[in-house]
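Enquirer: Quick check, what structure comes out for this input:
(one chain, ligands or ions: 1)
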Amino acid sequence: MTCQPTYHSFLHNCIFCHPKIMNFNLNSMNSTYSSSFVAGNFARKFLSGGLFFFMPAEVQMLELLLAVFVFIVIHSLRQKKRQGLPNWPFVGMLPSLILGLQGDMYEWISGVLCRQNGTFIFTGPWGTNLNCVVTSDPRNLEYLLKTKFSNFPKGEYFRNTVRDLLGDGIFSADDEIWQRQRKTASLEFHSTKFRSMTTESLLELVHSRLLPVLEESVKKSVPVDLQDILLRLTFDNVCMIAFGVDPGCLRPGLPEIPFARAFEDATEATLFRFVTPTLTWRAMRSLNIGTEKKLTDSIREVDKFAEEVIQTRKKELSLPTESEKQRSDLLTVFMRLKDEQERPFSDKFLRDICVNFILAGRDTSSVALSWFFWLLNRNPEVEQNILAEICQIVNERKDAKDKEDLDNLIFKPEEVKKMEYLQAALSEALRLHPSVPVDHKEVLEDDVFPDGTVLKKGTKVVYAIYTMGRMEGVWGKDCRDYKPERWVRDGRFMSESAYKFTAFNGGPRLCLGKDFAYYQMKFAAASILYRYTMKVEKDHPVIPKMALTMYMKHGLKVRLSRRNQTELQKHLKTN
Ligand code: HEM
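Expert: Sure, this is the predicted structure:
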């Protein structure tokens, strides 16, 4: 038999004719295979075409197994072309996923998505809940997040997995429970009282905590983990917004705060559930072992903190003097409201609301700021442009004394609003490093995506926000370059469609804190950049961590120094 370059001849030649394989077959034979006579016969008829008709059944069985094995290998590898990844019996695409997880997971997903024109179906091992449709196609995103919003809820699987930590809060709720919280919180987020509370609390944190901590590192000439410092800043800030309480994470000496630690542990242990078969984590929970024990302990700590704050606030609000103070944190706002039956909300529901807001706002802005400062380090011309913009805004101040008092200069809300190039630079950082790199939904009823992908009821849909920011078809050939200019037209910041730039989600579930987050990031970034230059420590590894939020795995080690006064004066004069 001669080897022809066809699929069938490959099987015949390589499996049935190859002398080495034949040798192996005969030598490794063992008589226990005699019961495989029927299967062997079958193999002989179908595969060897009669050539080995008189061979012993054992040999035929082994041949059959080998043939099936090679067939599976070739078939699975051929699937790669059609489905993006090899699809193996029993384990599906899991081996590729495990390999992908060894390196940069988000780059790996992006590679597969680009090969598959923006959508692929991931097949998990049999009996697991890992099957899902992964997409980065803006048409599908618009359909998922807006057009057919009601057919793509967060879903029961997500809710059941996060219930212990998040309860019925906005992040995991669907339908009326979600709508009610969204409406109330949205009204609050857009109120003048809330806006002034958030700007005041941020000002206090930046000037009394952040800048002194950075100044201390300059005086001592030591590097700092900027990501850790920014995380402390936003954690304190979001607790002030949600609970009206400052936990004090960002203080000299950077103390460990039990509530912050418990929150961190609870989030990590909840995330672990998503990569563990449901039956396994449920068993671990019943036995109170491993990560489930950690989760129970940390949730107890979070609940203790929430309970204390809720009880104290109730007492405060019952006193006429305090209620007149008109606090505008979310806890107080929801405490003043009533449910559909005109009863006050339960303590548990109040706790869920606050915990969800802390989760939403505690690390997203700080992680975005960390990537932003890292990008500035690699693109010094962008830093100069930002500085020029800030100085121009400072220069417009009427009082000369106001301009030059570097140490005490505080940016006003209307000045922060004018920092359009800075907003572009932050958006560009979020495009390349979105704080939430992947998100997900569940299919309620059978549906079809605009790109033709069929979606069965119950399917999980994962949308790869990270990939969306790096698609040539969407952002052009320079999609991997850091270019804030792509967001600026005629000197003004121009926002993009939420289905192209999905860092803040889109449709009815668009991030509620988006405006505040921009304000917070701009205020903190401008206050730092006006005073300090920073250099990322040489050889410090910067890679993303596998988590719900795109942290830098090893933090961001930087060395700060005071910004040169002459450089600043140059900008102030030229403007
Ligand atoms: C750079 C900063 C931020 C980014 C990139 C960001 C991004 C996002 C994303 C992608 C979602 C959708 C999550 C999902 O549904 O699975 C979301 C939702 C949300 N975000 Fe943000 N966020 C940021 C800051 C904040 C801040 C500071 C707050 C609050 C103080 C906040 C409050 C919320 C809330 C409440 C939701 C849930 C909205 C809903 O489901 O209706 N976010 N955000």
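
Enquirer: Could you pull out the strands in this protein for me?
Expert: 119-122, 132-135, 224-225, 438-442, 447-448, 454-455, 460-464, 488-489, 492-493, 532-536, 557-562 (DSSP state E).

Enquirer: Just the CA atoms of stretch 236-243, as CSV, please.
Expert: Extracted C-alpha coordinates of stretch 236-243, given in CSV (Å, rounded to 0.1, in the frame of the first residue of the first chain):
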residue,chain,number,x,y,z
ASP,A,236,-11.8,54.3,52.0
ASN,A,237,-13.6,56.5,49.5
VAL,A,238,-16.3,53.9,48.5
CYS,A,239,-17.0,53.1,52.1
MET,A,240,-17.7,56.7,52.7
ILE,A,241,-20.1,56.7,49.8
ALA,A,242,-21.8,53.4,50.8
PHE,A,243,-21.8,53.4,54.6
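
Enquirer: Could you report the pLDDT at Met335?
Expert: Among the per-residue scores, Met335 holds a pLDDT of 91.

Enquirer: who touches it in this structure?
Expert: Shown in contact with Met335 (CB atoms under 8 Å, 6 or more residues apart in numbering): 313-314, 317, 344-345, 350. Every residue, glycine included, has its C-beta placed from N, CA and C.

Enquirer: cool, Pro252 as well?
Expert: 212-213, 216.

Enquirer: Excluding chain neighbours, what is closest to the residue of the stretch 1-150 of the chain found nearest the ligand?
Expert: Closest contact between the stretch 1-150 of the chain and the ligand, by CB to the nearest ligand atom, is at Leu145 (9.2 Å). Excluding its sequence neighbours, the residue lying closest to Leu145 (CB to CB, 6 or more residues apart in numbering) is Gly507, at 3.7 Å.

Enquirer: pretty sure that neighbour is touching Ala498, no?
Expert: Yes: using CB atoms under 8 Å, Gly507 is in contact with Ala498, at 7.2 Å.

Enquirer: Spit out the residues that contact those two alike.
Expert: When CB under 8 Å, 6+ apart defines a contact, the residues bordering Gly507 and Ala498 alike are Leu145.

Enquirer: Domain map for this protein?
Expert: 57-128, 154-317+327-573 (the TED database).

Enquirer: Which among the ones you listed is found nearest to Val134?
Expert: domain 154-317+327-573 (4.7 Å; CB to CB).

Enquirer: And the residue of this protein that's closest to the ligand?
Expert: Counting by CB to the nearest ligand atom, the chain gets nearest to the ligand through Gly513 (2.2 Å).

Enquirer: ok now do that residue, which residues does it touch?
Expert: So Gly513 contacts 189, 360-361, 364 (CB under 8 Å, 6+ apart).

Enquirer: Check these and tell me the two furthest apart.
Expert: Spatial extent of the contacts of Gly513 (CB to CB) is set by the pair Phe189 and Thr364 at 14.9 Å.

Enquirer: Not counting its neighbours along the chain, what's nearest Gln265?
Expert: Rather than Gln, residue 265 is Asp. Among residues not flanking Asp265 along the chain, Ser298 sits closest, at 3.9 Å (CB to CB, 6+ apart).

Enquirer: buried ones in whichever helix in the chain runs longest?
Expert: If you go by DSSP state H, the chain has its longest helix at helix 290-318. Counting neighbours by 16 or more other CB atoms under 10 Å, one finds that the buried residues in helix 290-318 are 291-292, 294-295, 298-299, 301-303, 305-306, 309-310, 313, 316.

Enquirer: Same check on stretch 483-492?
Expert: 483-484, 486-488.

Enquirer: got it, and stretch 342-353?
Expert: 345, 349-353.

Enquirer: Is the residue nearest to Asp265 in contact with Ala266, as I believe?
Expert: Yes: using CB under 8 Å, Ser298 is in contact with Ala266, at 4.0 Å.

Enquirer: number of nearby residues for the nearest residue to Val218 once chain neighbours are set aside?
Expert: Residue nearest to Val218 in three dimensions, not counting chain neighbours: Leu560, with 5.2 Å by CB to CB, 6+ apart. Taking other CB atoms under 10 Å as the neighbour definition, Leu560 ends up with a count of 20.

Enquirer: ok, what's across the strand from Leu560?
Expert: Met534 (DSSP bridges).

Enquirer: I'd say it and Thr533 touch.
Expert: Yes: contact criterion CB under 8 Å: Leu560 and Thr533 qualify, at 7.2 Å.

Enquirer: Give me the neighbour count for the residue nearest to Cys239 when sequence neighbours are not counted.
Expert: Closest residue to Cys239 apart from its sequence neighbours, by CB to CB, 6+ apart: Pro247 at 5.2 Å. By the criterion of other CB under 10 Å, Pro247 has 20 neighbours.

Enquirer: Give me the subset of the buried residues of stretch 483-492 that also touch the ligand.
Expert: Contacts with the ligand are made by none of the buried residues of stretch 483-492, judged by CB under 6 Å from any ligand atom.

Enquirer: Going by distance to Gln384, which of those residues wins?
Expert: Pro484 (11.9 Å).

Enquirer: can you pull the contacts of that closest one?
Expert: Counted by CB under 8 Å, 6+ apart, Pro484 has contacts 382, 385, 421, 424-425, 427-428.

Enquirer: ok so, going back, as JSON lines, the contacts of Gly513 with distance to the ligand would be great.
Expert: Below are the contacts of Gly513 laid out as JSON lines (distance: CB to the nearest ligand atom, whole Å):
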{"residue": "Phe189", "distance to the ligand": "8"}
{"residue": "Ala360", "distance to the ligand": "3"}
{"residue": "Gly361", "distance to the ligand": "3"}
{"residue": "Thr364", "distance to the ligand": "3"}
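
Enquirer: now that we have those, which one has the most neighbours?
Expert: Of those, with other CB under 10 Å as the count, Thr364 tops at 26 neighbours.

Enquirer: That one contacts Thr549, correct?
Expert: Yes: if you go by CB under 8 Å, Thr364 and Thr549 touch, sitting 6.2 Å apart.

Enquirer: Now the common contact residues for the two.
Expert: Residues touching both Thr364 and Thr549 by CB under 8 Å, 6+ apart: 435-436.

Enquirer: Give me the phi and psi for the most centrally placed residue in the chain.
Expert: Geometric centre of the chain, nearest residue: Val436, 2.6 Å, by CA atoms, centre = their mean. Backbone geometry at Val436, expressed as degrees, to the nearest 10, gives phi -110, psi 100.

Enquirer: Low-confidence ranges, the stretch 301-450 of the chain, go.
Expert: Where the stretch 301-450 of the chain drops to pLDDT under 70, the residues are 321-325, 400-405.

Enquirer: hmm, 80 instead?
Expert: Within the stretch 301-450 of the chain, the stretches falling below the threshold (pLDDT under 80) are 320-326, 340, 398-407.

Enquirer: just to revisit the earlier point, just checking, what packs against the longest helix of the chain?
Expert: Applying 3 or more CB pairs under 8 Å, 6 or more residues apart in numbering; DSSP states H and E, one finds that helix 290-318 makes contact with helix 156-166, helix 258-274, helix 278-287, helix 320-323, helix 330-336, helix 347-361.

Enquirer: Now do that helix and helix 258-274, the angle between them.
Expert: 130 degrees (axes from the mean of the first three to the mean of the last three CA atoms, to 10 degrees).

Enquirer: The residue of the stretch 1-150 of the chain closest to the ligand and Glu381, how far apart?
Expert: As judged by CB to CB, to the nearest Å, Leu145 and Glu381 stand 35 Å apart.

Enquirer: before we move on, what about Met240?
Expert: 36 Å.

Enquirer: So these two - more neighbours on which side?
Expert: Set Met240 next to Glu381 and count neighbours by other CB under 10 Å: Met240 wins out with 20 against 8.
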